[in-house]
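S.K.: Structure, please.
(one chain, ligands or ions: 2)
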Amino acid sequence: MNNINVFFVGTAGSGKTSLVYAFQNWMNTQSLDVITVNLDPGVEYLPYEPDIDIREWVSLPEIMKSHNLGPNGAQIACADLLVFNIERVKKLIDKYKTNYILIDTPGQTELFTFRHSSIRIVETFGRESSVLIFLIDPFIAQTPSGFVSELLLAATIQFRFGLPIFNVITKSDMMEQEALDLIEAWSTSLETLEGTLMDESKNIHSQLNFELLRVLQDMEIYRPFTPTSAETGSGMEEIYNFIQQLFDGGEDLRPD
Ligand SMILES: Nc1nc2c(ncn2[C@@H]2O[C@H](COP(=O)(O)OP(=O)(O)O)[C@@H](O)[C@H]2O)c(=O)[nH]1
Ligand SMILES: [Mg+2]
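M.R.: Numbers count the residues shown, from 1 in each chain. Ligands and ions are numbered 1, 2, ... in the order given. Purely as a prediction, here's the structure:
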């Protein structure tokens, strides 16, 4: 089987790094062969030991110093510089002969979503064997407009990369069940979501919002969100099942 590239994408602090770590741990307990790649040049602390770490080639503090840039400018420069090292990263990955590659992307999602280098990264890793896990921060998604904004971000990412995408809610252990149920209701019933949006703001934009939601539904962006927790490990099996469904027709590759 070809190796499968799993890119974890989401807003800053949505839990990408934590989920990469938790999913790797879960895969290890299932005897699945997996490696991790850190593509965030700016991260200071990682809870896991990445098998491949972009900071070996591109380091935020060094770019700040050498180019006389502040942290924001340097983040952008780093994102653009990633591309010059990506062939090397790919060669290293190939040496591992592993089945799954979990890719932790830069903290600020726009660095991954909007810089051209990330498209090149996906091409280099192999578009046909890549999938996106889109992380939705429950603290953003708990208001109806925050929820729709997350959907729109998912649509943007889908539009930009043209890859299969799986929506997960992170940090579910930090949420009251009631709040999770509400998010679930919005993600499974367009009518419920529209009703809540209507209550939030009764203005001329509502009609536009509803039209937009229909488009998202047609694009299959509007789908149930799967709750996950890096803390308790819930939702890991669902992520794995989604990946298997995509690439191996649902075949379970876990050893007996
Ligand atoms: N309780 C809890 N905290 C989490 C979870 N996932 C992430 N966090 C915390 O949320 C913060 C941001 O997580 P991080 O993985 O660094 O997000 P990133 O910026 O998207 O990589 C950190 O303080 C994590 O410890 C989770 O599932 N449960
Ligand atoms: Mg991170």
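S.K.: Output the residue of the stretch 101-250 of the chain whose distance to ligand 2 is smallest.
M.R.: Across the stretch 101-250 of the chain, the shortest distance to ligand 2 (CB to the ion) belongs to Gly107, at 4.8 Å. Using the backbone N, CA and C atoms, a C-beta is placed for each residue, glycine as well.
S.K.: Give me the distance between the closest residue in space to that residue that isn't next to it in sequence and Ala230.
M.R.: Distances taken as CB to CB, 6 or more residues apart in numbering put Ala12 closest to Gly107, at 4.9 Å, once the chain neighbours are dropped. Distance, Ala12 to Ala230, using CB to CB, to the nearest Å: 16 Å.
S.K.: More neighbours: which of those two?
M.R.: Taking neighbours as other CB atoms under 10 Å, Ala12 and Ala230 compare with Ala230 leading, 24 against 12.
S.K.: which stretches of the chain form strands?
M.R.: With DSSP state E, the ranges of strands along the chain come out as 4-10, 34-38, 52-53, 100-104, 130-136, 165-169, 226-227.
S.K.: Quick one: residues contacting the residue of the stretch 101-250 of the chain closest to ligand 2.
M.R.: By CB atoms under 8 Å, 6 or more residues apart in numbering, the contact list for Gly107 reads 12-13, 16, 40, 42-43.
S.K.: which one of the residues you listed is nearest Ile121?
M.R.: Closest approach between the contacts of Gly107 and Ile121, by CB to CB: Asp40, at 12.5 Å.
S.K.: Thought Val20 was touching the closest one, still the case?
M.R.: No. Taking contacts as CB atoms under 8 Å, Asp40 lies outside contact range of Val20: 10.1 Å.
S.K.: ok so, going back, possible to save the strands of the chain as CSV with distance to Ser66, mean pLDDT and mean neighbour count?
M.R.: Conversion of the strands of the chain to CSV gives the following (distance: least, CB to CB, whole Å; pLDDT from 0 to 100; neighbours: other CB atoms under 10 Å):
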stretch, distance to Ser66, mean pLDDT, mean neighbour count
strand 4-10, 28, 97, 25
strand 34-38, 21, 97, 22
strand 52-53, 19, 95, 19
strand 100-104, 24, 97, 24
strand 130-136, 32, 97, 24
strand 165-169, 36, 96, 23
strand 226-227, 42, 96, 20
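S.K.: quick one on the thing from earlier: list residues touching both of Asp40 and Val20?
M.R.: Joint contacts of Asp40 and Val20 (CB under 8 Å, 6+ apart) are Asp104.
S.K.: List the buried residues for stretch 105-115?
M.R.: Neighbour-count burial for stretch 105-115, counted by 16 or more other CB atoms under 10 Å, picks out 105-109, 111-113, 115.
S.K.: now, which of those residues sits nearest Gln177?
M.R.: Checking the buried residues of stretch 105-115 against Gln177 by CB to CB gives Thr109 as the nearest, at 27.6 Å.
S.K.: got a pLDDT number for the closest residue to Val58 other than its chain neighbours?
M.R.: Leaving aside its sequence neighbours, Val58 sits nearest to Pro41 (CB to CB, 6+ apart; 4.4 Å). Per-residue confidence at Pro41 stands at 89 (pLDDT).
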